[in-house]
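Q: structure for this input, please:
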Amino acid sequence: MSTVKLLLSCLLFKGVLALSGNFWHITDLHLDPSYKLTDNPEQVCNSSGNRPAAKAGIYGDYACDSPWQLINSSVYAMKDILPDPDFIVWTGDDTPHVPNEQLGEEKVLHIVRNITHIISHVFPNSKVYSALGNHDYHPKSQFPGGPDYMYDQIADMWQDWLDPESQITFKRGGYYTEKLLNRTGFRMLVLNTNLYYDQNKQTQDIDDPAGQFSWADQILTEAANNKEKVYIIGHVPPGFFEKKRSKPWFMSKFNEKYLELVQKHNSVILGQFFGHHHTDAFRMFYDSDDTPISTMFLSPGVTPWKTSLPGVVDGANNPGIRVFEYDTQTLLVKDVVTYYLNLTHANAAKERWEKEYRLTESFRVSDASPASMHQVLERMAKDRCYLQKYYEFNSVSYDLKECDSDCRVDHVCSAREVDFKKYDSCLKTEASASAIYGGLLPVLSVAVSLVLANR
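A: Residues are numbered from 1 along each chain as shown. Just a heads-up that it's a prediction; the model follows:
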């Protein structure tokens, strides 16, 4: 190859590389300040609810929320893995799973302040887009649909990350919007979806708490007029929990309104990034013709806490953090890379944050666009190997048992249908499919064995 051609190839290659950007998503840290190592496994942490933390170590236990050592480890792991991200998305839930009587406004604010401090200290030059989780308020989940003391306090706490207009809307209802990285044509929409949480008694009789839906509709309409592309972040997602059948998070009327908002403005929404589940999952959004139009990525939590939600069997996870790779010209999500800490290994031997998987490699898709994520969903629905892989990633490589036919239905339908009625229909349709799917496997297994035996 001539020198000129080589130089041109290098320049073109650099140009391609320049199109990719990276950002961190961290969520559900749930610091438990009470965590301590003791000979009594029931006294290790308040967040265990007296469940024994039998294998507690310095980085935590699956029965407990995060000790400070785990919080510190996760943020410094981010620094080691990707020290200079384009920006950081932090979607809340900072306090432990304990009764309200063990907390209070000042304790909640103190914990949020401590985590704010370590993120800003480790990443002093990074823009952070931060959303409130349902545990970032006292009493937990009871977010008001209007101005409030805690909105004021947290807005002041995050003033280095919020521009003046963002501080105004945050104090109005815990939400805001800004140009993404201050770039023309790119926008971040930060929602307070705790207003729609089915446990929030403060907003159940309000049609549009804090005016957030009408505000978001206006912002997205303006984004379309200004040819902007938008990322949406929040904490509590719409739809259903894959680990407990028919468990929604939003009140029905708000779930419907959110779905309508995304369908109306899907042409400008290039990604949705949420937490709350502690699990690694995604949600698909479709238009009236069942064409995939948007994907919501649910990132795994840092806390390993085993949920106490009735009906969930062994709902713990390994601590996870996530890098999103995106096209800096279009905002298309190109890839997702999840890193994790094997908590058992960290406590017994050595702290080691490592790559768990890369989406495009593990699920054999070209990018993380809605069309590609629809392919992932279809492969999960039809191929046991992909389903099992997705299931194990769902708990961040903690729960490695087989995903059976009921498990398949729960994961497929929660990913496919955000709408309440369509989700119910999916359960019936996929239950029938699972019966066939499960029944064919032994037959196929015997057939494969016979073929191999006769080779």
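
Q: grab the nearest non-local neighbour of Gly311.
A: In this structure, Gly311 finds its nearest non-sequential neighbour in Lys244, 4.9 Å apart by C-beta to C-beta, 6 or more residues apart in numbering. All C-beta atoms are positioned from the backbone trio N, CA, C, and that covers glycine.

Q: measure that neighbour to Val313 for me?
A: Remark: distance between Lys244 and Val313 (C-beta to C-beta, to the nearest Å) = 10 Å.

Q: quick one: low-confidence ranges for the stretch 351-455 of the chain?
A: 434-455 (pLDDT under 70).

Q: those helices in it, which residues are they?
A: Using DSSP state H, counting those that start in this stretch, the helices of the stretch 351-455 of the chain run over 359-363, 370-382, 384-394, 405-416, 420-453.

Q: highest average neighbour count across the ones you listed?
A: helix 405-416 (a mean of 22; mean count of other C-beta atoms under 10 Å).

Q: okay, the angle between that helix and helix 384-394?
A: 70 degrees (axes from the mean of the first three to the mean of the last three C-alpha atoms, to 10 degrees).

Q: next one: helix 405-416 to chain centre, how far?
A: Relative to its chain's centre, helix 405-416 lies at 18 Å (C-alpha atoms, centre = their mean, to the nearest Å).

Q: Lys244 and Val313: which is more packed in?
A: A direct count of neighbours by other C-beta atoms under 10 Å for Lys244 and Val313 places Lys244 higher, at 17 against 10.

Q: what separation is there between the more buried one and Ser308?
A: Remark: distance between Lys244 and Ser308 (C-beta to C-beta) = 12 Å.

Q: can you check Glu178 too?
A: Applying C-beta to C-beta to Glu178 and Ser308 gives a distance of 37 Å.

Q: more neighbours: which of those two?
A: Neighbour tally, Glu178 and Ser308, criterion other C-beta under 10 Å: the higher count belongs to Glu178, 18 against 13.

Q: identify the bridge partners of the more buried one.
A: Met188 (DSSP bridges).

Q: show me what contacts it?
A: Contacts here follow C-beta atoms under 8 Å, 6 or more residues apart in numbering; on that basis Glu178 touches 129, 162-163, 166, 187-188, 190.

Q: repeat for Pro304
A: Each residue near Pro304 by C-beta under 8 Å, 6+ apart is listed here: 60-62, 64, 66, 70, 316-319, 343, 398.

Q: mind running it again at 7 Å?
A: By C-beta atoms under 7 Å, 6 or more residues apart in numbering, the contact set of Pro304 is 60, 62, 316-319, 343.

Q: and it, that one's in a helix?
A: No: with DSSP: H, G, I helix; E, B strand; the rest coil as the criterion, Pro304 is located in coil rather than a helix.

Q: quick check, pLDDT for it.
A: pLDDT, Pro304: 98.

Q: ok, it to Cys45 distance?
A: For Pro304, the distance to Cys45 - C-beta to C-beta - is 11 Å.

Q: circling back: tell me the pLDDT at the residue nearest to Gly311?
A: Lys244 is given a pLDDT of 97.

Q: tally of neighbours for the nearest residue in space to Gly211 that is not next to it in sequence?
A: Once flanking residues are discounted, Gly211 sits nearest to Gly173: 7.0 Å by C-beta to C-beta, 6+ apart. Using other C-beta under 10 Å, Gly173 has 22 neighbouring residues.

Q: quick one, what contacts Gly173?
A: 145-146, 192, 210-212.

Q: and if you look at Pro209?
A: So Pro209 contacts 145, 195, 203 (C-beta under 7 Å, 6+ apart).

Q: also Ala131?
A: 91-92, 190-191, 233-235.

Q: among those, which two are most distant?
A: Using C-beta to C-beta, the two most remote members of the contacts of Ala131 are Gly92 and Leu191, lying 11.1 Å apart.

Q: quick one: mean pLDDT for stretch 256-269?
A: Rounded mean pLDDT across stretch 256-269 is 98.

Q: what's that stretch in contact with?
A: So stretch 256-269 is in contact with 196, 213, 216-217, 220, 223-224, 228-230, 232, 238, 250, 285, 287, 293-294, 418-419, going by C-beta under 7 Å, 6+ apart.

Q: among the residues you listed, name the buried ones.
A: The neighbour-count test (16 or more other C-beta atoms under 10 Å) applied to those identifies 196, 213, 216-217, 220, 223, 228-230, 232, 238, 250, 285, 293-294, 418-419 as buried.
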